[in-house]
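Participant: would you be able to build a 3D model of this:
(chains A and B, ligands or ions: 3)
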Amino acid sequence: MHPALSIIVFTTSSGLGYGLAFFLGFGLLDPAAFATKAAHVIALGLISVGLLSSTLHLGNPQRAWRALSQWRSSWLSREGVLAIVSFVPLCLSAWFVIFEGRHSWPAGLAGSLGCAVTVYCTAMIYASLRTVEAWHTPLTPAAFLAFAGAGGAMLATFFAALGGGNAGLTAVLALVLLVLAWGTKLVWRRRLRALSSTSTPETATGLGALGRVRLLERPHVTENYLTREMGFRIARKHARKLAAIAFGLGGGVPFVLLAASALFAAEGGLGWPVFAFLALAAYATGMLVERWLFFAEARHSVMNYYGR
Amino acid sequence: MTALPSQPSATKLGLVIDLDICVGCHACVVNCKEWNTGGYGAALSDQDPYGEHVSGAWLNRIHTFEIVPEGGELVGEAGEARIVHFPKSCLHCEEAPCVTVCPTGASYKRAEDGIVLVAEDKCIGCGLCAWACPYGAREMDLAAGVMKKCTLCVDRIYNETFDEEDRVPACVRTCPANARHFGDLGDPASQVSKMVAARGGIDLMPEQGTRPVNKYLPPRPRTTLASRGQAGPAADEDTGGATGFFAWIDTMLEKI
Ligand code: SF4
Ligand code: SF4
Ligand code: SF4
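Facilitator: Ligands and ions are numbered 1, 2, ... in the order given. Take a look at the predicted model:
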C-alpha cells in the first residue's frame, strides 16, 4: 500500500495527542502547574494537526461532514464521530485545568475513554480490511493502542519533569507500555512474515484449475490509480533495515534514555526534562518509520491482477 | 445508506464473461469509457493525456494472463498452455465490502436490482472503498475527486428511448466476439444463469467472501487436431465421394 504522508502524519500525531490526553484525563499531573496547562494545549494541538492532516488526502474535503453519517457500518465514520464527540470532554477538561487550575474527574475520564475508543476506531479502519491481510488481525488495534499509550506516557513524563508532577510514575508507565507496544509489534511482524496469501493470481482469475497463472500483459503500460495506490512495493532487505531502525529509534533509544533519566530524578533541574524530550524525539521519529512500514509492507489483493 | 440491503435483492443484474471467447481487443474498454465519460456523474478524466505518463480513470480493464500447466516451467512445455484475456470490472458483489466501509453513504447497493453505485455528490474521495474492493474495480477520478466505478450502464439498461437491443451495458453491446452477456443472475431461468450452469461459471476470489454477482466462464478444454480425426490435409485429398459433374472433372484431371 502507498505510504501517504498525510495518513502517516495523521496516525502518528493523533496517536501521540490521544495518548497524552488519555493520561491527563486521569489527573496524573498537577492541574495548578503551568506545565500541565501546556500539556493540555499540546495534546489538543497534536490531535487537531492529525485530524486536519487526515482531510488533506480527500478529493472533496468540503463535504467531509458527510463522513459522520454512516457510523452503523463504517469504521472511518465511527472514527470521525468519536473524534468530534471526544473533543467536548477533552476541551472541558483542558478548560478546568487552564482557567480554574483544577482537574475535573467526569470530564477527564470521559475524555480518556474517548481517546482510547477513537484510536481503536482508527486502527479498525485498517484491521477490518480483508483485502490487506497484513492488517487484518486484532494485533493491529492492539499495537495502535499500545503505541498511543507509550507515546502519551512519554509526553506526560516530559511535562511532569517540567514541574507538572510525579515524573517517576509516568516514566514507569512509559517503560512498561514501550515494552508492551514493541512486543506486540514484534508478534505482528512475525505474523506478517509467516503469511502466505490466501488470494493468489489463481483464485483471482479462477484459472487455477488449468495451471499456474502469471501476468502476461497489464491493461496499460503506464501506472494507474490502482498501481499507485495499492501497488507500492519495498524490497525485503530494505524493509528489514527500516524495521530495525524503527525498533531501535522508537523502542531501544527511548527506553534507555527514560531509564537513565531516573538518575536525575533526585537532583531536579533540567536533566530529566531534557532526557525525556530526547526520548520523545527518538520515539516520534521511530513511529514515523514504523507507520511508513505499516503501509509499505502491506500487500493488497488487487495486485494479483498486476503481477506484483 | 452504506448498510447493504437487508434482504438480498431477488433481481441480480450482472455480467457473464466468457474467457473462452474474449480476444482481448479492448473494444469494450473503449466503449465503456466513451459512454460513461458523457453519462452518469463526472466525466472520466485523464491526466497527462498526450504525455509520457498518461493515466486516467477506467471502469473496465483487460488483463492478459498466461497459464503454465502442471509439469511445465515454460508455456508450451507441457499440458495445455494458454493465453487468457481477462476483462475486469465491478462484480456488483452481494456482500460488497466497498459499500459498508464508506463513511458518507455515497456508496450503496440498490435493493431493486443489486447494482452497486456511487452517489458522487456525497463522495468525499477518501478512497477507502477502493482499498476495500479486492478486485480493483474502483478508481478515483483525480479531476473531480470522486470515486468512479462500473454502473452496469444503469443509464442505458432502463432507457426506454433506446431500441431494445441497445438496452444493455455499453461493453456488452460493443463486444465484437460476443464474449460478454448481460442479464438477471438472480433468475435461474434467465439466459445468463443457464450459461453459468452449463459452463460451470466461476466467482473471482471466493475466499474474500464478497459473493460476486458477475460470473466468468472458464476456457473450454482444448481439442487437438489428432483428436478431431477426419480433419487435416489427408481428408482434403480424398475425392472418392464426388458424383456427377464433379466426378467427371475428377477423372479428367486425374488423366492429365
Ligand atoms: S467488485 Fe469491488 S467495487 Fe464492485 S461490488 Fe464488489 S467489492 Fe464493490
Ligand atoms: S471514496 Fe467516496 S464512495 Fe468511496 S468510501 Fe470514500 S466517500 Fe465513500
Ligand atoms: S470487447 Fe469482447 S472480446 Fe474485446 S476485450 Fe472486451 S470482452 Fe474481450
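
Participant: tell me the pLDDT of the residue in chain A sticking out farthest from the centre.
Facilitator: Within chain A, the residue lying farthest from the chain centre (Cα atoms, centre = their mean) is residue A:210, at 44.0 Å. Note on residue A:210: pLDDT of 87.

Participant: could you look up the SS state of the closest residue to ligand 1 within the stretch 151-300 of chain A?
Facilitator: In the stretch 151-300 of chain A, the residue that lies nearest ligand 1 is residue A:226 (11.5 Å; Cβ to the nearest ligand atom). Any C-beta I mention is one placed from the backbone N, CA and C, and that applies to glycine too. With DSSP: H, G, I helix; E, B strand; the rest coil as the basis, residue A:226 sits in helix.

Participant: tell me the contacts of it?
Facilitator: Shown in contact with residue A:226 (Cβ atoms under 8 Å, 6 or more residues apart in numbering or on different chains): A:302, A:306, B:130, B:136, B:139.

Participant: of those residues, which belong to helices?
Facilitator: If you go by DSSP state H, the contacts of residue A:226 have residue B:130 in helices.

Participant: now pLDDT and neighbour count too, for the contacts of residue A:226, in TSV please.
Facilitator: Formatted as TSV, the contacts of residue A:226 follow (pLDDT from 0 to 100; neighbours: other Cβ atoms under 10 Å in any protein chain shown):
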residue	pLDDT	neighbour count
A:302	96	27
A:306	95	19
B:130	97	24
B:136	96	29
B:139	97	22
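
Participant: could you pull out the strands in the chain for me?
Facilitator: With no chain named, the answer covers chain A. Applying DSSP state E to chain A gives strands spanning A:212-217.

Participant: that's the wrong chain, I meant chain B
Facilitator: B:13-18, B:46-47, B:55-56, B:60-68, B:82-89, B:107-109, B:116-118, B:138-141, B:146-149, B:180-184, B:215-217.

Participant: low-confidence ranges, chain A, go.
Facilitator: Across chain A, the ranges flagged by pLDDT under 70 are A:265-269.

Participant: in it, which residue sits nearest ligand 1?
Facilitator: residue A:131 (8.8 Å).

Participant: what's the burial count for that residue?
Facilitator: 27 (other Cβ atoms under 10 Å in any protein chain shown).

Participant: residue contacts, it?
Facilitator: Per Cβ under 8 Å, 6+ apart, neighbours of residue A:131: A:300-302, B:97, B:131-134, B:208.

Participant: in space, what's closest to residue B:186 - neighbours in sequence excluded?
Facilitator: residue B:12 (3.6 Å; Cβ to Cβ, 6 or more residues apart in numbering or on different chains).

Participant: next one: that neighbour relative to residue A:102, how far apart?
Facilitator: Taking Cβ to Cβ, to the nearest Å as the measure, residue B:12 falls 62 Å from residue A:102.

Participant: same thing with residue A:88?
Facilitator: Distance, residue A:88 to residue A:102, by Cβ to Cβ: 18 Å.

Participant: same question for residue A:185.
Facilitator: 38 Å.

Participant: neighbour-wise, which of these two wins?
Facilitator: A count of neighbours by other Cβ under 10 Å puts residue A:185 above the other of residue A:185 and residue A:102, at 23 against 10.

Participant: pretty sure residue B:129 sits against residue B:104.
Facilitator: No. Applying Cβ atoms under 8 Å as the test, residue B:129 and residue B:104 come out as separate, 10.0 Å apart.

Participant: give the contact list for residue B:49.
Facilitator: With Cβ under 8 Å, 6+ apart, residue B:49 has these contacts: residue B:56.

Participant: please report phi then psi for it.
Facilitator: Backbone geometry at residue B:49, expressed as degrees, to the nearest 10, gives phi -60, psi -30.

Participant: how much space between it and residue A:213?
Facilitator: Counting by Cβ to Cβ - residue B:49 and residue A:213 are separated by 32 Å.

Participant: how about residue A:184?
Facilitator: Applying Cβ to Cβ, the value for residue A:184 to residue A:213 is 36 Å.

Participant: try residue A:41
Facilitator: Distance, residue A:41 to residue A:213, by Cβ to Cβ: 57 Å.

Participant: got it, and residue A:35?
Facilitator: Counting by Cβ to Cβ, the separation of residue A:35 from residue A:213 is 61 Å.

Participant: which one of those two has more residues nearby?
Facilitator: In this view residue A:35 and residue A:213 are compared by other Cβ under 10 Å, and residue A:213 has more residues nearby, 24 against 17.

Participant: is it correct that that one is in contact with residue B:63?
Facilitator: No. Residue A:213 is beyond contact range of residue B:63, at 10.4 Å (criterion: Cβ under 8 Å).

Participant: leaving out the residues flanking it, which one is nearest to the residue farthest from the centre of chain A?
Facilitator: residue B:67 (4.9 Å).

Participant: residue B:151 too?
Facilitator: Excluding its sequence neighbours, the residue lying closest to residue B:151 (Cβ to Cβ, 6+ apart) is residue B:40, at 4.9 Å.

Participant: for the residue in chain A positioned nearest to chain B, which non-adjacent residue is closest in space?
Facilitator: Chain B sits closest to residue A:59 of chain A, with a gap of 2.0 Å, by Cβ to the nearest Cβ. With sequence-adjacent residues excluded and distances taken as Cβ to Cβ, 6+ apart, residue A:59 is closest to residue B:125, at 2.0 Å.

Participant: now the residue of chain A closest to ligand 1: how far from residue A:226?
Facilitator: For residue A:131, the distance to residue A:226 equals 12 Å [Cβ to Cβ].

Participant: do residue A:88 as well
Facilitator: Per Cβ to Cβ, residue A:88 is found 39 Å from residue A:226.

Participant: right, I'll call it a day here.
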